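1. I'll drop the sequence and a predicted model, then ask my questions.
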There are 2 protein chains.
Amino acid sequence: MYGNWRSAAAFRVRIALNLKGIPCEETFIDLDAGDQFKPDFLAINPQGAVPAFFDGDGPPLTQSLAILDYLEDVHPAVPLLPADPRARARARSLAQVVACDTHPLYVPRVRNYLMQTYGLPKEAMMEFVRHWFETGLRTLETRLVDEPGTGRYAQGDALSHADLCLVSLWVGTGIFGVETAPYPTVRRIAEDCLTQDAFARAHPLRQPGAPT
Amino acid sequence: MYGNWRSAAAFRVRIALNLKGIPCEETFIDLDAGDQFKPDFLAINPQGAVPAFFDGDGPPLTQSLAILDYLEDVHPAVPLLPADPRARARARSLAQVVACDTHPLYVPRVRNYLMQTYGLPKEAMMEFVRHWFETGLRTLETRLVDEPGTGRYAQGDALSHADLCLVSLWVGTGIFGVETAPYPTVRRIAEDCLTQDAFARAHPLRQPGAPT
């Protein structure tokens, strides 16, 4: 897999690989240096985004949720989606609150666009980042409190894609300085997950290139 | 289903329902009037976003890709994902280029944030919208041309979630005034789809509330 220590999308895939016991070697792409837009990497993923995941020789798989579903298809022994269609849909929906409606708004390409095209100072750009973190976290907190599907984890009592995405957002609050007090249910689930080896080993700050 | 004539996410779900032959009644939420943030609707979807889909009495299903996967689980007779795991992953990845990395950047809540918080005039905000349309379209075009999986449709010769998302983005180029000449392969697939009844009936401009 091509990834990056800070990438929330690579983090989600790394957790799934650990939970399913699939060995994986990760090559880190320096997003701050713009290595994702160099020809060598664009030949792998023309979008210039991580993760790009190779299973054997085949063409690379991209988009973290698509990779998670692929791992579900080919390594079903440790399931990360519930069997019931409604519960599956809820787990996917919670995952997508993060992976569709929150994370894509604070990736480097968007942060750079705001600073370069609009000439925003970094602090003004960071308001945008924190606003969408807070919007995503508030949606998760409200749904986790109100909806009967919540259990030990985001969907019931078994880990699912929803938890992988929730944790990837939660860890980002530390990296981006987002206030976390209003989201105790998100915190409860994230902290529970992060005590587990598969999550802890996948943590961004434990990857090569991360600040010490 | 609660939707809106202009919503690309509701459009995707509407196409899937038509293709699978599932009758559905749609209630239109006026996003410009902010009806998605009124208490009645927030009780349905605390995120204040469409679509929200009811199948029978159960709690509403949200997030368009999660709804598409749910429809796949419970109405598999007309499949909208290929059976092969790698082909499925590619169809999902192409769908997510639109539904994760493009569409969430131009929804009303983001456009309003840019104008209200940064005081950007509408035309400057529209540069942001068009930039991410173009980024998404360029990624799709490059991948559709370069990757061997492309056929009559985005993934092979059968319709998939990738086409539903591609068409929902393509139709948005007209609504937002995005230049389309650089994307002939996206155009070929979108125009092929839009000649088909299930797509044509789902078209935003054929829904209640749309401009004539």
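-> Structure received.

2. how's chain A carved up into domains?
-> Annotated domains of chain A cover A:2-78, A:85-202 [automatic domain parsing].

3. could you export the ones you listed as CSV, including distance to chain B, mean neighbour count and mean pLDDT?
-> C-betas here are computed from N, CA, C, even on glycine. Shown next, in CSV, are these (distance: least, Cβ to the nearest Cβ, whole Å; neighbours: other Cβ atoms under 10 Å in any protein chain shown; pLDDT from 0 to 100):
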stretch, distance to chain B, mean neighbour count, mean pLDDT
domain A:2-78, 4, 19, 95
domain A:85-202, 4, 19, 97
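
4. would you map the helices across chain A?
-> For chain A, helices defined by DSSP state H occupy the ranges A:8-20, A:39-42, A:64-74, A:85-99, A:108-117, A:122-146, A:161-176, A:184-194, A:197-202.

5. just to revisit the earlier point, distance to A:Pro208 for the domains of chain A - can I get that in a markdown table?
-> Output for those, formatted as a markdown table (distance: least, Cβ to Cβ, whole Å):
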| stretch | distance to A:Pro208 |
| --- | --- |
| domain A:2-78 | 6 |
| domain A:85-202 | 13 |
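
6. pretty sure A:Val98 is touching A:Arg143, no?
-> No: applying Cβ atoms under 8 Å, one finds A:Val98 not in contact with A:Arg143, separated by 11.6 Å.

7. coming back round to it: so for B:Arg201, which of the helices of chain A sits nearest?
-> Taking Cβ to Cβ, helix A:85-99 is the member of those nearest to B:Arg201, at 24.2 Å.

8. in space, what's closest to A:Thr102 - neighbours in sequence excluded?
-> The shortest distance from A:Thr102 to any non-neighbouring residue, by Cβ to Cβ, 6 or more residues apart in numbering or on different chains, is to A:Gly136 (3.2 Å).

9. kindly export stretch A:99-115 (C-alpha atoms) in CSV.
-> Extracted C-alpha coordinates of stretch A:99-115, given in CSV (Å, rounded to 0.1, in the frame of the first residue of the first chain):
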residue,chain,number,x,y,z
ALA,A,99,-15.4,9.5,4.6
CYS,A,100,-17.7,11.5,2.3
ASP,A,101,-19.0,14.6,4.1
THR,A,102,-16.1,15.4,6.5
HIS,A,103,-12.7,14.1,5.6
PRO,A,104,-12.7,15.3,1.9
LEU,A,105,-13.1,18.9,3.1
TYR,A,106,-9.9,19.0,5.1
VAL,A,107,-7.4,17.1,2.9
PRO,A,108,-4.2,18.9,1.8
ARG,A,109,-5.5,19.7,-1.7
VAL,A,110,-8.5,21.7,-0.2
ARG,A,111,-6.4,23.4,2.5
ASN,A,112,-3.9,24.4,-0.2
TYR,A,113,-6.6,25.7,-2.5
LEU,A,114,-8.1,27.9,0.2
MET,A,115,-4.7,29.5,1.0
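
10. coming back round to it: which one of the helices of chain A lies nearest to B:Tyr118?
-> helix A:122-146 (7.2 Å).

11. what does the model give A:Pro208 for pLDDT?
-> With respect to pLDDT, A:Pro208 scores 88.

12. what's the burial count for it?
-> 10 (other Cβ atoms under 10 Å in any protein chain shown).

13. next one: it from B:Trp132, what distance?
-> Distance, A:Pro208 to B:Trp132, using Cβ to Cβ, to the nearest Å: 31 Å.

14. same thing with A:Tyr113?
-> 8 Å.

15. residues contacting the nearest residue to A:Pro23 once chain neighbours are set aside?
-> Leaving aside its sequence neighbours, A:Pro23 sits nearest to A:Leu17 (Cβ to Cβ, 6+ apart; 7.8 Å). Shown in contact with A:Leu17 (Cβ atoms under 8 Å, 6 or more residues apart in numbering or on different chains): A:Met1, A:Pro23, A:Cys24, A:Leu71, A:Ala202.

16. try A:His131
-> B:Tyr113, B:Thr117.

17. how close does it sit to A:Gly151?
-> A:His131 is 30 Å from A:Gly151, by Cβ to Cβ.

18. now the helices of chain A as TSV including distance to B:Tyr183?
-> Formatted as TSV, the helices of chain A follow (distance: least, Cβ to Cβ, whole Å):
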stretch	distance to B:Tyr183
helix A:8-20	25
helix A:39-42	17
helix A:64-74	21
helix A:85-99	25
helix A:108-117	19
helix A:122-146	28
helix A:161-176	30
helix A:184-194	39
helix A:197-202	36
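
19. A:Phe54: which of those helices is closest?
-> Closest to A:Phe54 of these is helix A:64-74 (Cβ to Cβ; 10.6 Å).

20. does A:Pro82 touch A:Arg92 like I think?
-> No: using Cβ under 8 Å, A:Pro82 makes no contact with A:Arg92, being 10.0 Å away.

21. from the opening residue of stretch A:65-82 to its closing one, how far?
-> Start to finish, the residues bounding stretch A:65-82 are 15 Å apart (Cα to Cα, to the nearest Å).

22. chain center to it: distance?
-> 15 Å (Cα atoms, centre = their mean, to the nearest Å).

23. next one: stretch A:58-73
-> Centroid separation for stretch A:58-73 versus its chain: 14 Å, with Cα atoms, centre = their mean.

24. what's stretch A:188-198 in contact with?
-> With Cβ under 8 Å, 6+ apart as the criterion, stretch A:188-198 contacts A:15, A:18-19, A:144, A:152-154, A:159, A:163, A:166-167, A:170-171, A:199-200, A:203.

25. stretch A:137-153 too?
-> Residues beyond stretch A:137-153 that count as contacts (Cβ under 8 Å, 6+ apart) turn out to be A:87, A:90, A:94, A:97-98, A:101, A:154-157, A:159-160, A:162-163, A:166, A:169, A:173, A:178, A:180, A:182-186, A:189, A:192-193, B:46-47, B:59.

26. with stretch A:165-182 instead?
-> By Cβ under 8 Å, 6+ apart, the residues outside stretch A:165-182 that reach it are A:6, A:8-9, A:11-12, A:15, A:94-99, A:102-103, A:106, A:126, A:129-130, A:133-134, A:136-138, A:140-141, A:154, A:186-187, A:189-190, A:193-194, A:199, A:203-204.

27. surely A:Met115 touches A:Glu123?
-> No: A:Met115 is beyond contact range of A:Glu123, at 10.5 Å (criterion: Cβ under 8 Å).

28. A:Gly209 - nearest residue in space that isn't next to it in sequence?
-> Here the residue nearest A:Gly209, using Cβ to Cβ, 6+ apart, is A:Trp5, at 4.5 Å.
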